[in-house]
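Student: generate a structure from the sequence data that follows.
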Amino acid sequence: MGIESKLGDNILTTRIDSFINWARKNSLWPMPFGTACCAIELMAVLGPKYDLARFGAEAIRFSPRQSDLMIVAGRVSIKMMPVLQKIYRQMPEPKWVISMGACASSGGVFDTYSTIQGIDNFIPVDVYVPGCPPRPETLIDAVMKIQKKIEKERSAQYR
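Tutor: Residues are numbered from 1 along each chain as shown. Predicted structure coming up:
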């Protein structure tokens with residue numbers, strides 16, 4: 001029984017997956033979708049005090065075709081939901097979504113006919129950030145959770 005039969009043919013793909021995941025997690029390109037006060041906290045995360053750049057996510061892109069991480073911050077109205085879905089569909093795979101704040105996650109205090117009661121009813125959400133508005137440290141924690149999720153992914157999922 002040789003070494004090839006013990007390891008199988010997975011050692012090369014495992015190494016490549018590790019390298020690809022390392023590169024992806026350290027070079028996230030966020031697409032901000034800020035509609036309310038949570039967007040102000042999102043801007044604070046990009047400043048020098050909290051410095052999201054140290055996690056490799058400082059390259060904010062306002063083009064969905066260049067982004068792989070969407071951060072939905074604030075309340076989303078029914079009229080805005082088709083726009084959000086279109087932007088999500090335009091993002092290339094692999095892509096991740098952070099729902100920032102109580103309004104994006106569950107509608108918050110805006111329980112009205114015109115406000116979406118959670119964006120997860122319309123697009124998949126990877127990480128929820130609680131708060132109204134959430135602190136910048138909480139958003140940094142969410143980015144770190146996305147990075148941990150990326151570490152465990154396999155590149156075969158996106159072929």
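
Student: neighbours of Glu93, just the number please.
Tutor: 8 (other Cβ atoms under 10 Å). Glycine gets a C-beta too; all of them are placed from N, C-alpha and C.

Student: how close does it get to Glu151?
Tutor: 17 Å (Cβ to Cβ, to the nearest Å).

Student: find the residue at the geometric middle of the protein.
Tutor: Nearest to the geometric centre of the chain sits Val97, at 3.4 Å (Cα atoms, centre = their mean).

Student: how many neighbours does Pro134 have?
Tutor: Neighbour number of Pro134 under other Cβ under 10 Å is 22.

Student: quick check: it touching Gly101?
Tutor: Yes. Contact criterion Cβ atoms under 8 Å: Pro134 and Gly101 qualify, at 5.6 Å.

Student: the helices in this structure, which residues?
Tutor: With DSSP state H, the ranges of helices along the chain come out as 3-7, 11-25, 38-46, 81-90, 102-106, 136-151.

Student: which helices and strands does the fourth one pack with?
Tutor: This points to helix 81-90. strand 30-34, strand 69-73 (3 or more Cβ pairs under 8 Å, 6 or more residues apart in numbering; DSSP states H and E).

Student: what's next to the last one, contact-wise?
Tutor: The reference is to strand 69-73. For strand 69-73, the external contacting residues (Cβ atoms under 8 Å, 6 or more residues apart in numbering) are 28-36, 38-39, 41-42, 57, 64, 84, 87-88, 91, 95-101, 104, 119, 139, 143, 146.

Student: again, but for the first one
Tutor: Contacts of strand 30-34 with the rest of the structure, by Cβ under 8 Å, 6+ apart, involve 39, 42, 57, 59-64, 67, 69-74, 84, 87, 91.
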